[in-house]
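Peer 1: Only the shape, not the letters, is given here:
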């Protein structure tokens, strides 16, 4: 992908912290660090509606494994995979955060590189609890 990802400062800081804590594989770490170097940071209110971020419902097509799936990305403390609410720091969220509808991403998942496409991004749920969490944790 040649276009830089678009993220809020809170998401940027959370991804940097995830890298620092070695919560991802080496190929993912390398890719995330590269993405962050080029990233465009914006205020939450300036984030385009079609960009993957926290509290949005995202439909992806995995071209490698030939399936479509919908994810709701939430703050880590609110994650409930059984209810399809996945942490914004989960593997799929890290692979797609900051990208927009129509983007095709080749990502080094733990089980191998996969080609995924963002089909749809919609509001997922209220964001106030997430913002309180990130303001507390990252003081932005």
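Peer 2: Structure's in. What do you need? Since we're looking at a predicted model, the values are computed, not measured. Residues are numbered from 1 along each chain as shown.
Peer 1: Need the mean per-residue confidence for the longest strand belonging to the chain.
Peer 2: Taking DSSP state E as the criterion, the chain has its longest strand at strand 112-123. Mean per-residue pLDDT for strand 112-123: 96.
Peer 1: helices or strands up against it?
Peer 2: Packing partners of strand 112-123 (3 or more C-beta pairs under 8 Å, 6 or more residues apart in numbering; DSSP states H and E): strand 56-62, helix 91-96, strand 104-109. Any C-beta I mention is one placed from the backbone N, CA and C, and that applies to glycine too.
Peer 1: most packed of those?
Peer 2: Greatest average neighbour count among the helices and strands packed on strand 112-123 goes to helix 91-96 (a mean of 22), per mean count of other C-beta atoms under 10 Å.
Peer 1: Spell out which helix or strand contains the residue lying closest to residue 16 once chain neighbours are set aside, please.
Peer 2: Distances taken as C-beta to C-beta, 6 or more residues apart in numbering place residue 36 nearest to residue 16, at 6.5 Å, with adjacent residues excluded. Using DSSP states H and E, residue 36 sits in helix 26-38.
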